[in-house]
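K.L.:
Need a 3D model of the following:
(one chain, ligands or ions: 1)
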Amino acid sequence: MKHKIELVKGDITKIQVEAVVNAANSSLLGGGGVDGAIHRAGGPIILEECIQIRNKQGKCNTGEAVVTTAGNLPANYVIHTVGPVWNGDEEKCSKLLANCYKNSLKLAESLQIKTIAFPNISTGIYRFPKNRAAKIAIQEIQKFQSETIEKVIFVCFDDENEEMYKKLLEK
Ligand code: ADP
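P.N.:
Numbering: from 1, shown residues only. Reported below is the predicted structural model:
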């Protein structure tokens, strides 16, 4: 089945989807940016589940994804993925960022999720060049073959990302 791709400008904590993706850090213990916003809006249950995951499997490696409940968010699940910190190693960082999208989608599919929203992973505090990140995100979403996912929403928080996604998705 082919999934629809949408672009929304705004706050991912307000989006009505089954799963929202969080740009977490490997500690899974919360941070700034979108991570902070999700934990604030979702409430303490999300951190409690993150701590349980950490106790079981240790930290979450870059490019990988884990799932928790979404607490008070409109979503049912938060998929936490750890983006790469941009260090100029284009090949390695690009691969790791692609893994974030792939592994989040795989996890969503294993939960039979139909609708999922992604933030612009790694393009904030982790300084991944926005245009490169947008290309990778769109490419991974377009090529993912899914039996369950019907709609993927890219949620852009800043004008710059929104403009880039708009242009790339028009092509
Ligand atoms: P990272 O550490 O992966 O770079 P950040 O949270 O710093 O994560 O930034 C990732 C992206 O999330 C940035 O483009 C930032 O503008 C965006 N962002 C920040 N807050 C929100 C929010 N509430 N909803 C959606 N996107 C957000």
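K.L.:
Tell me the secondary structure at the most centrally placed residue in the chain.
P.N.:
Nearest to the mean C-alpha position of the chain, by CA atoms, centre = their mean, lies Val21 at 3.4 Å. Classification of Val21 using DSSP: H, G, I helix; E, B strand; the rest coil returns strand.
K.L.:
how close does it sit to the ligand?
P.N.:
Distance, Val21 to the ligand, by CB to the nearest ligand atom, to the nearest Å: 10 Å. C-beta here means a position set from N, CA and C on the backbone, and glycine is covered the same way.
K.L.:
Ok, Ala108 next?
P.N.:
Separation of Ala108 from the ligand (CB to the nearest ligand atom): 18 Å.
K.L.:
What pLDDT does the model give that residue?
P.N.:
Ala108 carries a pLDDT value of 98.
K.L.:
Quick check: it vs Phe128, distance?
P.N.:
Ala108 sits at a distance of 22 Å from Phe128 (criterion: CB to CB, to the nearest Å).
K.L.:
cool, and Val34?
P.N.:
13 Å.
K.L.:
next one: Phe154
P.N.:
With the distance defined as CB to CB, Phe154 ends up 15 Å from Phe128.
K.L.:
okay, now Gln16: neighbour count?
P.N.:
Per other CB atoms under 10 Å, the neighbour tally for Gln16 reads 11.
K.L.:
before we move on, what about Arg127?
P.N.:
Other residues near Arg127 come to 15 when the count uses other CB under 10 Å.
K.L.:
Look up how far Arg132 lies from the residue nearest to it when sequence neighbours are not counted.
P.N.:
With sequence-adjacent residues excluded and distances taken as CB to CB, 6 or more residues apart in numbering, Arg127 is closest to Trp86, at 4.4 Å. Using CB to CB, Trp86 is found at 9 Å from Arg132.
K.L.:
How about Lys102?
P.N.:
Noted for Lys102: a distance of 17 Å to Arg132, by CB to CB.
K.L.:
Next to the ligand in this structure, residues from this protein, please.
P.N.:
With the criterion set to CB under 6 Å from any ligand atom, the chain comes near the ligand through 11-13, 23, 33-35, 37, 83, 119-126, 155, 157-158, 161.
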